[in-house]
Each structure stands twice: as C-alpha cells, then as structure tokens.
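Asks: predicted model and sequence follow; I will ask about them next.
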Amino acid sequence: MKENLKFFLEVNKLKETQRTGWVLMKVKNPETIAEHTFRVAIEAWFLGEKKKLNVETIIKTAIAHDLCEVYAGDKTPFFYWDSLDKSKGEQENLLLKGIRLSQKEKEKRGRIKFKKEQESLLKLIKSFNSELKREIYSLWFDFEKRLSQEGKFVKQVDRIETLLQAIEYFEAQKKPGGTSWWELTEEIVEDPLLLDFLKVIQNKFYGHKKEWRREVEDKELEKELNGILDFFLEIGKLKRFPRKLWVQLGIENPETVAEHIFTLALMAWIFGNKEKNLKIEKLLKMALCHEIPSVYTGDLITPYERVLFNTKKGRRKVFEKWPRLTKKEKEKNFLKDYKKEKKALKKLTKSLPQGLREEIISLFDEYKTTQSAEARFLNQLNVLAVLFQELCYRKEDKGLPIGFLWEWAFEKCDNKMCLEFLEELKRQFL
Amino acid sequence: MEEERKFYLTKKGLEQIKKELESLKKIKASKIKGETPQLLHSEDVNPEYLTFREDMNFLESRIAELENILKNAVLIKIPPKTKQNIVQLGATVTLEESGQINEFMIVGTLEANPNEGKISASSPIGKALLGHKIGDEIIITSPIRVVYKIKKIKYHSM
C-alpha cells in the first residue's frame, strides 16, 4: 500500500503539468497531461470497440501512455525548442508550421525522447510487484514502438486527440488552426477507420469550404462517426470544469472533473487488478463514465449538497462535518440528484450509436445504485480518490477541513484493500 | 492477429523481427524448463523489453504474430538506379517548404515511427509522397495547405 500511495502521489503531478505545445502557443490555462489522458482513454475505448480490438488493453494503454511524463515531462515534437535558433516573430511561425528536420535528426531526437521516457516510467513503477510492473511497462512499450495492434491504435488516437484539442483551442481563439498538428496527425494515422474519422473532423470544422470537404465512402459510418465526434467534443468540457468541492473550499487552480476521472480510472486498474472477482474492463469503463453527466449538471458534490449550500455559515465551517440527515432525507436527495444526472446522461449520449449509448447508461445506473461488485468497489475507490486529493491539498493548506471526508470514507468503505489504503493514508498524512 | 496480408520490411527491420522471435523462443523454452529466463543482451532487441516479457500468454501470442509476419514478409529492395528518382517504399525523401527542409523515410506499417521520422506508406503523408519524382510539388491536403517540393530521394542500404 505504501508503494501504491507513493505512485499516486507522483502521478498526481500529471494534474499540474500543462502540455508543452499549448504552453508554447500561449493558450490560456491549457489542458494538463491528466486531462489529455482522460479523453484519449474514452476515444480509444469507443473507436477501439468499433475495430473489435481488446478494449481492456486499449483503455489501459491509453491510461498508461503518458505516465512516463511524471519525471520526463511532456516532450512534444517541440521538445528541442530551447535549442532552436529562432528570431523574434519567428516563434509563432515555427509553432504554426511545425519544425522541419532531417530524417537523421528526427531519429536522433526520437531516441533521446524514448530513452528519457523509458527511464522515467521505470523509476515510477519500480516498487510495484513484477506482474503489475510488467503489465504497465509492456503496454507502454507496445504503444511507443507500435508493436501490438492495440498499442498502434492508441498511438494514432493519441495524435487525433491532440489535433482535436488544437482545433478547439484555435477555433475558439479565432486563430489559424496551425498546420503542424494536422501534419503530425497525417504522418501517423493509417488505420482506415481513423482515416475516416479524420475526414469527419475535417468536414465538421472546415467543411464549409468546398475545397476542404473530404468524401467518406460509407455514409452510415460517416453518420455514426459524426455522432461520436459530437460526444467527444461535449465531454471535452470536463477538462475545464473545476470540481465544485474544491472551488467551495477556496482551492486555487483545483482539480477538474476530467482529472478526477483520470485518477479514478488509474486507481480502478491498480487496485482492481488484485480483486480477482472483478471484471477489469467493466470497472475501467465505469470509472471513465461515472461522472460524465457533469457536462450538463455540474458535479454534484455529495448527496448533502443542498443542505451544504443553503447554510449561511462560513464555507469551510460547513465542511467540518457532514450534515446529519435522516435516512428518508438522504434517499430523497439521492433520488433527486440521480434523476438529474440520468437526464443529463441521456442528453449527452443521444448522438452515440445505440449499443454504446445503452452500455454507458447501464454502467452509470449500476454505479449509482451500487448494483454490482464492480460498482460497489468503484464507489469506495471514488471516496478514496476524493480524500486522497484533499489530503494532497492539505499539505499546502493546513486549515482545510478534512473530518467530513474521513467520515465519508468510514461510512462507505468495507473492501479490505480500500480499508488498507485508508490506513496508509492515515499513516502518511496524519 | 493480422493475417493474410503482406508486411513490407527493410532488411534491418526483417533482421530485428527474426532476432526478437529467436529471443522470445529462448525465453519460452527457459520458462517451460522452469528456469529463470536470462536477460538477453542484443543491440537490436531492447533488453528492457525482454525483461518484462515473461508472461506465457504474451510470449505465445507474440511468437505467433512474429511467425505470421515472417511468413508474409516482403523485403523492401532498393530499386534499380533508373527508378531511384521516384518515391517508393524505403526512400528517404527530402522536402522543401518556405526555405525549410523536412525529411521522411517511407516504410511499411510495422517499422513506422514518426517520432524518428519514419512514416508509414499508408499514412496520408506517405500516400501523398509515393510515386512522385524529384521536382514534383506535393500538396498536403489538411485544411491549411502545405506545399512541399521534393528536393532529393535517396535509397540507403537498408
């Protein structure tokens, strides 16, 4: 447990590290590595399922693909930025157009990047047991070297996600889209489904100009991919939604909903691995969609939210302990929130193919009503993820109230492993 | 597993596949005998990669995959001198755009690694370049046009 906690403390840095390309492009408050990973995981799941690839491997690869950046940082194609000879005014041009290099130079820089990231990942996972270490390392290696079908697929999805994010940023800022991301994507994508998906993206954002429209032969597929793209764009908003609890507690630059989902999915994998009766693929999918209705509802802090925010006491004071409610009141609040979220989820998923839509709604229902072993386990991990995050904030701000989260964890957790992790949190933080 | 399709490989790529297969078979044999697999040192097969490849399911599926690749492998050959002015698999293409030079090596899907400048012939940029000659202008069809001029095409021993 000590190793697990140390791992999560290190991985939490990915919630603070903004992606280099956007920082260089001066995007205001750009996404972090954790936020990027969140959407890559969902995209890889949906598109990988359509390709009939191994979805568990796909999701794990997506979650693991940037763990190496904990120590290595985000080395984008511009990672040699500092060594470039660039005059004033040339910077933006370089960023917009991408950097041109000889093949030899690309090979050299690519190898340096690989080596750094490899060392970083091995350092991060060194205290894990050999089985878990092997799994994480192999998935990352297959992704980097494009060895397995799943690794190769996620590699392409990763690039498409970056392109999508670039379009979102630069469209929003009314700046030119920048060719570099299109070029980098077109260097890497070769899967027929993903090539069609690129066409759908191009038509969506640039199709108003006839010369930019691209023909997708299979019209049914085009329609389906369009619906999936709309969904990805909607959930992308979660990268900008700070979690309400942290906002209420006055934490600066707090974790977003997307970052929380990233942490929970990673916890589901690391802890779920040891629970032999759980279906990991289901657990990962459930973690990825457990809070997506927040796109429309905002995240609902707790079933007690209404009581908390109606009080006139100071914000922090309110959080000192849970409001005491009767069982009936708790049920009433839960049902009210559940209905609200379910409505939001139906709206959010309406553009998806029916099978996928039903799967997501059913996973969400299961999670909320704790109807399966996976749902019960994930509910407990969710509490731990929140408590863990608050304890991290508390290292900087000792005045943060914490009792209410301990109390919540003591109410919710009964799984042996979750209780052990709770004990470890006590040992490390109290 | 990918079956019944051709895998275009450079000589170096083909050698690497053979070496990886050989190493994995050795590890598998050690595992069957109940021995701890020795870490194999090879410049072509990454030792860290092999250290973690002890899982029998992985070993078996990767060995089958590599055997399938070898069965369907097509060696990329350097074209005759008269055809070396055309971009084909195995070519390193030097492109010019607004006074800047950019280079790509065109390879088959198994060897593609854009981080190292090796792009797949099936990627949009790979496809756009294939079949073109020195002096040709290539338009990359992303929404914002990039016009590359082919300056050089080279075929190194692969």
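Replies: Nice, thanks for sending it over. Residues are numbered from 1 along each chain as shown, chains lettered A, B, ... in the order given.

Asks: what's the weakest-modelled helix or strand in the chain?
Replies: Picked chain A for this. Sorting the helices and strands of chain A by mean pLDDT, DSSP states H and E puts helix A:305-310 at the bottom, at a mean of 57.

Asks: my question was about chain B, not that one.
Replies: helix B:47-51 (a mean of 55).

Asks: which helices and strands sit right next to the helix or strand just after that helix?
Replies: Counting by DSSP states H and E, the next helix or strand C-terminal to helix B:47-51 is helix B:56-71. Using 3 or more Cβ pairs under 8 Å, 6 or more residues apart in numbering or on different chains; DSSP states H and E, the elements in contact with helix B:56-71 are helix B:11-32. Where you see a C-beta, it was placed from the backbone N, CA and C, and this is true even at glycine.

Asks: so what's the residue count around the one residue in the stretch 151-300 of chain A that gets nearest to chain B?
Replies: Proximity of the stretch 151-300 of chain A to chain B (Cβ to the nearest Cβ) peaks at A:Trp182, 3.3 Å away. Look at A:Trp182: counted by other Cβ atoms under 10 Å in any protein chain shown, it has 26 neighbours.

Asks: can you confirm it is in a helix?
Replies: Yes - secondary structure of A:Trp182 (DSSP: H, G, I helix; E, B strand; the rest coil): part of a helix.

Asks: secondary structure class of B:Leu95, three-state.
Replies: Per three-state DSSP, B:Leu95 ends up strand.

Asks: next, give phi and psi for the most centrally placed residue in chain B.
Replies: The centroid of chain B falls nearest to B:Glu111 when counting by Cα atoms, centre = their mean (1.6 Å). Per-residue torsions, B:Glu111: phi -100, psi 0 (degrees, to the nearest 10).

Asks: cool, and B:Tyr148?
Replies: Taking degrees, to the nearest 10 as the convention, B:Tyr148 sits at phi -100, psi 140.

Asks: A:Ser372 too?
Replies: phi -130, psi 170.

Asks: which ones are touching it?
Replies: A:Lys282, A:Glu366 (Cβ atoms under 8 Å, 6 or more residues apart in numbering or on different chains).

Asks: what's near enough to touch the closest residue to B:Leu110 other than its chain neighbours?
Replies: Here the nearest residue to B:Leu110 in space, its sequence neighbours aside, is B:Phe7; by Cβ to Cβ, 6 or more residues apart in numbering or on different chains that works out to 5.6 Å. With contacts defined as Cβ under 8 Å, 6+ apart, the neighbours of B:Phe7 are B:Ile69, B:Asn72, B:Ala73, B:Val74, B:Gly108, B:Thr109, B:Leu110.

Asks: repeat the analysis, applying 6 Å as the threshold.
Replies: B:Ile69, B:Asn72, B:Ala73, B:Leu110 (Cβ atoms under 6 Å, 6 or more residues apart in numbering or on different chains).

Asks: could you check the pLDDT of it?
Replies: Predicted confidence (pLDDT) for B:Phe7: 90.

Asks: with A:Gly177 instead?
Replies: Listed pLDDT for A:Gly177 reads 54.

Asks: same question for A:Leu381.
Replies: A:Leu381 is assigned a pLDDT of 95 by the prediction.

Asks: in the contacts of B:Phe7, find the pair that's most separated.
Replies: The span of those, defined through Cβ to Cβ, is set by B:Asn72 and B:Leu110 at 10.7 Å.

Asks: give me the more crowded residue out of these two.
Replies: The neighbour comparison of B:Asn72 against B:Leu110 (other Cβ under 10 Å) goes to B:Leu110, with 22 against 14.

Asks: am I right that the more buried one falls within a strand?
Replies: No - per three-state DSSP, B:Leu110 lies outside any strand segment and is coil.

Asks: and it, backbone torsions?
Replies: When read as degrees, to the nearest 10, the backbone of B:Leu110 gives phi -70, psi -30.

Asks: would you quantify the distance from it to B:Glu96?
Replies: Distance, B:Leu110 to B:Glu96, using Cβ to Cβ, to the nearest Å: 29 Å.

Asks: ok, now B:Leu70?
Replies: Taken as Cβ to Cβ, the span from B:Leu70 to B:Glu96 is 38 Å.

Asks: ok, now A:Tyr71?
Replies: Distance, A:Tyr71 to B:Glu96, by Cβ to Cβ: 38 Å.

Asks: and A:Ile63, by the same measure?
Replies: Applying Cβ to Cβ to A:Ile63 and B:Glu96 gives a distance of 41 Å.

Asks: compare neighbour counts for those two and give me the winner.
Replies: Between A:Ile63 and B:Glu96, counted using other Cβ under 10 Å, A:Ile63 has the larger neighbour count: 26 against 15.
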